[in-house]
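**Student:** Any chance you could fold what I've pasted below:
(2 chains)
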2 protein chains.
Amino acid sequence: MTREQLTKKFNDFQSRMSAHRFAMFAISWDASTEAPKKSAPYRARMIGQLSGEIFAYQMLPENIAMLEEIISLPECDPLMRRSAEKYLQEINKNRNIPLAEFVTARQNTAMTTRIWEEARAKNDFAMVAPHLAREIETNRRFLEYRASSGHPYNVLLDDHEEGMTIESYDAFFNALKADLLPFVRQVHQGAVQIDDSLLYKFYAKESQKRFVEYLIQVIRFDMDAGVLKVSAHPFTSGVSCNDVRFTVRYMENYLPASVFAGVHELGHAMHSQQGDPSFEGTNLQRCSAGMGESQSRFYENFIGRSLPFWQTHFAKLAEIFPEQMEGVTPEKFWRIINRSKPSVNRVEADELTYPMHIMIRYELEKLLFGGEIKVEDLPELWNSKHEEYLGLRPENDAAGIMQDIHWYQNLWGYFPTYALGTAYGAQFYYTMLETIDLPRVISEDKMEIINEWLRKNIHAQGGLFSPSELFMRVTGEEFNPQYLVRYLKEKYSLIYM
Amino acid sequence: MTREQLTKKFNDFQSRMSAHRFAMFAISWDASTEAPKKSAPYRARMIGQLSGEIFAYQMLPENIAMLEEIISLPECDPLMRRSAEKYLQEINKNRNIPLAEFVTARQNTAMTTRIWEEARAKNDFAMVAPHLAREIETNRRFLEYRASSGHPYNVLLDDHEEGMTIESYDAFFNALKADLLPFVRQVHQGAVQIDDSLLYKFYAKESQKRFVEYLIQVIRFDMDAGVLKVSAHPFTSGVSCNDVRFTVRYMENYLPASVFAGVHELGHAMHSQQGDPSFEGTNLQRCSAGMGESQSRFYENFIGRSLPFWQTHFAKLAEIFPEQMEGVTPEKFWRIINRSKPSVNRVEADELTYPMHIMIRYELEKLLFGGEIKVEDLPELWNSKHEEYLGLRPENDAAGIMQDIHWYQNLWGYFPTYALGTAYGAQFYYTMLETIDLPRVISEDKMEIINEWLRKNIHAQGGLFSPSELFMRVTGEEFNPQYLVRYLKEKYSLIYM
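**Tutor:** Predicted structure coming up:
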């Protein structure tokens, strides 16, 4: 093949892959936000068909040969080579999985997610348990096809964060246990008590929506290129810089649910919206799950939970909720939203207890894929681990084992990236502080300065580099969880000591 | 190929066609109801790619040979044969169109529709005119590839209603002109005047929505298998019996916009929801555009604009809008909603003037595809034809030439099916009256009896028969526009004479 023919063949391949991804983006967004209940089985069948088509297409020997030829070219366009490498990585993961099993797995997952929604609403884990068991069983079989040596969970960890293993996550979580947990206990057992009943007053959904719309402006997310909607579990889905969707949920008796999930998802949304437009229609739009979470957690915590943020934006909140906020100062509000207390809900957890929620999920996944526990053990283990690490048990399975969508969407090895991303975010925060006076910039409502730093250093880099390479480029250092420990100790000492 | 291999090959073909249709269903629904403004160009590119893939796939010689083999089989399963015939019909339409031109056309249309939305909102026809010109130009070129003899518009008419030609539509519209128009003039010039100012009071959007939700229950549409949403132009889109979406629009100073478009779209929605589930994932779900419109117009007019309907359901309307409906009786309300007066808006037209709106569009399309006029002639011709047939001119292009989405969606030859479908509906109405006491059934709120008749006779027949065959099976007669003339004269004599 001439260089020109090869490039054309690659572009055709890439167009087809992107068009498939676009179709799945539209189908999934619809399924998660408004598709009718009874539509699930037909959609699952169609998703199976579409996934099977693209699977078979990727695996065509001529396509694999084409990608391999590209990466072996002596003077290849570096973007094309990186892109080909990433496609091959994906192909190699699935290469030995029989097509029919792959299709069935995709169909099953589409159904499992919808059944989870119903089971959670009915607080009936038994309804979804066999489906969850099938997801795990399928994954274990697929991991055998992938014929890796060592612990099967390592493969899943690497799927979502290249280079990560049980060993590296254990080291990370052990550091948090050793260096943070004693401090957390000190805070929880200390003399200072913060009354957070303010957060549990009645906040009308429509008014909360107005505040989320205000936050969109504060963060500078462009709604001409975005959609805000409601879903059972907040998420963000972006297919191009000009098409980024995110959801929140409104709890009328718990204000932070929309506010902080809102800023969190806006972090993801900015990450997508500020991507390099020339990566549209390629597989170079994203780096990794951990890098993605570093951005959502950065906006949520380092901006949205900071004192200058509320000194600047509390007035708007008080304007929308004058009765609820009567007599409350920005400083007081900031202390209240940052109060730390054990809870059983991950997305509502404060910054100090959040990593423990992730640790619990990580430990359960490790046990599951190590074959040490079964699905039927999960509800009780979930609850007892919460009791052990956080001191309280979920009141039912809807608030317990069915709390998060991830496992029911066949996402395994993904949760740990939330804690890792948070720690990445802390290190980015200290790096940013070297050149940007962050508190002042937030106080002066100059979000564009922060956005531009993140855009240039992270968002626009897309998937050009592996997470560890990108991390090194941004911070000039290796990843180090002590930045998170330092940040949390500094912040919570101010609040509690 | 053995019979078994052939069947498998056909099923694979059908699955792929259906999965593509499902993806386009999700993408289009999203684009028409909520996708962000800036997302259009990337989506157009992806739609081009997806359309090109399926176009190339259909045209594979092995697929065409497979379909031809099926229809030549001596003892073929009749469903499989009918399905293969319909696929071949579609393939033969497009067979000589070069792939690249087809892809570009699809991309362009996706953009034209979005630009129309903006141009209409800004009342700026010049903004969309070149795009519309390109749609027409592309169609004319494609019609040359299709190498039909005779008037090119005939090909488009047949595309949407098999067997229909300029000759048959002329005969149909001439019958209406000769037998209905004098009566319409008599009504408009008569002594009876109906004050319809009631309809233009303020009706809050949220309350209108409550009434539309009530109508959904009245019609017995199952919302566990459906979605109701808002769009610039009301429409229905159903991909399976368990996934049927429809939209309305709320005009706070014109109540009928949501009520009658609501019942109209519910007619389409019932048609899809009551389809034969075994046709899901096949191309046998639909008969024709005219048959589709016969159902929406049946629910809208023969049910929704009938006296017994309002005798039964006016109470709910008065409950939702007590102030607006003070002193109004069901009978009076029925007369008001059925008042006939010239207007410039098709979807808001009463039953008497509605066919004239279609006639205008039909005449313009005939001139356009006969090469007798150009896009730049359209706004003025649109307006002058309204003046000629209806006695008044639209006040601007947004209300005139940009009123309907169809042309900007590349739908040509489609409008006439609205009038035809209305006349089909009238003939179905008289057929139904032979066995069902329609006024009593409506009064007693037994919609399921009507639904069942339509399901059995029409909805569940899907695309098994050509429109004229199905028509004959339902009514036992040829199509005859005099049923519509009779119905309208009977009804409007009651109201006006």
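**Student:** use CA for all of it now, contacts and neighbours both
**Tutor:** Will do.
**Student:** How many residues are close by A:Asp12?
**Tutor:** Using other CA atoms under 10 Å in any protein chain shown, A:Asp12 has 13 other residues around it.
**Student:** likewise A:Asn63?
**Tutor:** 16.
**Student:** That one is in what secondary structure piece?
**Tutor:** helix A:61-72 (DSSP states H and E).
**Student:** residues of that helix that come out buried?
**Tutor:** A:Asn63, A:Ile64, A:Met66, A:Leu67, A:Ile70, A:Ile71 (16 or more other CA atoms under 10 Å in any protein chain shown).
**Student:** what separates A:Ala178 from chain B, distance-wise?
**Tutor:** Separation of A:Ala178 from chain B (CA to the nearest CA, to the nearest Å): 47 Å.
**Student:** What is the lengthiest helix in chain A packed up against?
**Tutor:** Looking across chain A with DSSP state H, the single longest helix is helix A:3-33. Counting contacts by 3 or more CA pairs under 8 Å, 6 or more residues apart in numbering or on different chains; DSSP states H and E, helix A:3-33 packs against helix A:40-58, helix A:61-72, strand A:236-240, helix B:3-33, helix B:40-58.
**Student:** That one vs helix A:40-58, what angle?
**Tutor:** Helix A:3-33 runs at 170 degrees relative to helix A:40-58, counting by axes from the mean of the first three to the mean of the last three CA atoms, to 10 degrees.
**Student:** Show me which positions of helix A:3-33 end up buried.
**Tutor:** Buried residues in helix A:3-33, defined by neighbour count with 16+ other CA under 10 Å: A:7, A:9-10, A:13-32.
**Student:** Now do the contacts for A:Gly281.
**Tutor:** A:Gln14, A:Ser15, A:Ser18, A:Ala19, A:Ser240 (CA atoms under 8 Å, 6 or more residues apart in numbering or on different chains).
**Student:** mind checking how far the residue positioned nearest the centre of chain A is from A:Tyr424?
**Tutor:** Taking CA atoms, centre = their mean as the criterion, A:Glu293 is the residue nearest the geometric centre of chain A, at 4.9 Å. When distances are taken as CA to CA, to the nearest Å, A:Glu293 and A:Tyr424 turn out to be 9 Å apart.
**Student:** Return the per-residue confidence for the closest residue to A:Leu470 other than its chain neighbours.
**Tutor:** What sits nearest to A:Leu470 in space, not counting adjacent residues and going by CA to CA, 6 or more residues apart in numbering or on different chains, is A:Ile458, at 7.6 Å. For A:Ile458, the pLDDT comes out at 98.
**Student:** is it true that A:Ile458 touches A:Thr475?
**Tutor:** No - A:Ile458 is not in contact with A:Thr475 according to CA atoms under 8 Å; the separation is 10.7 Å.
**Student:** Identify the residues contacting stretch A:289-308?
**Tutor:** Taking CA under 8 Å, 6+ apart as the rule, stretch A:289-308 contacts A:160-161, A:260-261, A:263-268, A:271, A:286, A:309-310, A:330-331, A:334, A:337-338, A:351, A:414, A:417-418, A:420-426, A:429, A:439-440, A:442-443, A:467.
**Student:** Return a ChimeraX selection command for the buried portion of the residues you listed.
**Tutor:** A single ChimeraX command selects the buried members of the contacts of stretch A:289-308 (16+ other CA under 10 Å):
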select /A:160,161,260,261,263,264,265,266,267,268,271,286,309,310,330,334,337,338,351,414,417,418,420,421,422,423,424,425,426,429,439,442,443,467
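**Student:** which residues in the stretch 101-250 of chain A form strands?
**Tutor:** Counting by DSSP state E, counting those that start in this stretch, the stretch 101-250 of chain A has strands at residues A:226-230, A:236-240, A:243-248.
**Student:** Distance from the chain centre to the second one, please.
**Tutor:** Meaning strand A:236-240. How far strand A:236-240 lies from its chain's middle: 13 Å, per CA atoms, centre = their mean, to the nearest Å.
**Student:** now swap in the longest one and tell me
**Tutor:** The offset between the C-alpha centroid of strand A:243-248 and the centroid of the whole chain comes to 13 Å, using CA atoms, centre = their mean.
**Student:** Okay, now the sheet partners of that strand, with direction.
**Tutor:** Partners of strand A:243-248 in the sheet, by DSSP bridges, are strand A:226-230 (parallel), strand A:236-240 (antiparallel).
**Student:** could I get the last one in PDB with only the CA atoms?
**Tutor:** This means strand A:236-240. Below are the C-alpha coordinates for strand A:236-240, written out as PDB (Å, rounded to 0.1, in the frame of the first residue of the first chain):
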ATOM      1  CA  THR A 236     -21.500  13.700  31.600                       C
ATOM      2  CA  SER A 237     -21.300  12.600  28.000                       C
ATOM      3  CA  GLY A 238     -19.500  14.600  25.400                       C
ATOM      4  CA  VAL A 239     -19.000  13.500  21.800                       C
ATOM      5  CA  SER A 240     -17.400  16.600  20.400                       C
END
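**Student:** quick one: contacts of it?
**Tutor:** Residues outside strand A:236-240 that contact it (CA under 8 Å, 6+ apart): A:22, A:25, A:29, A:244-247, A:265, A:268-269, A:272-273, A:277, A:280-281, B:39, B:42.
**Student:** change it to 6 Å
**Tutor:** Under the criterion CA atoms under 6 Å, 6 or more residues apart in numbering or on different chains, residues A:Val244, A:Arg245, A:Phe246, A:Glu265, A:Ser272, A:Glu280 lie in contact with strand A:236-240.
**Student:** mind giving me CSV with those and columns for pLDDT?
**Tutor:** Formatted as CSV, the contacts of strand A:236-240 follow (pLDDT from 0 to 100):
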residue, pLDDT
A:Val244, 98
A:Arg245, 98
A:Phe246, 98
A:Glu265, 98
A:Ser272, 98
A:Glu280, 95
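**Student:** So, low pLDDT: which residues of the stretch 151-300 of chain A?
**Tutor:** For the stretch 151-300 of chain A, no stretch has pLDDT under 70.
**Student:** For it, what lies in contact range of chain B?
**Tutor:** A:Asp224, A:Ala225, A:Gly226, A:Asn242, A:Asp243 (CA under 6 Å from any CA of the partner chain).
**Student:** would you list those in a markdown table and tack on neighbour count?
**Tutor:** Formatted as a markdown table, these follow (neighbours: other CA atoms under 10 Å in any protein chain shown):
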| residue | neighbour count |
| --- | --- |
| A:Asp224 | 14 |
| A:Ala225 | 20 |
| A:Gly226 | 23 |
| A:Asn242 | 26 |
| A:Asp243 | 25 |
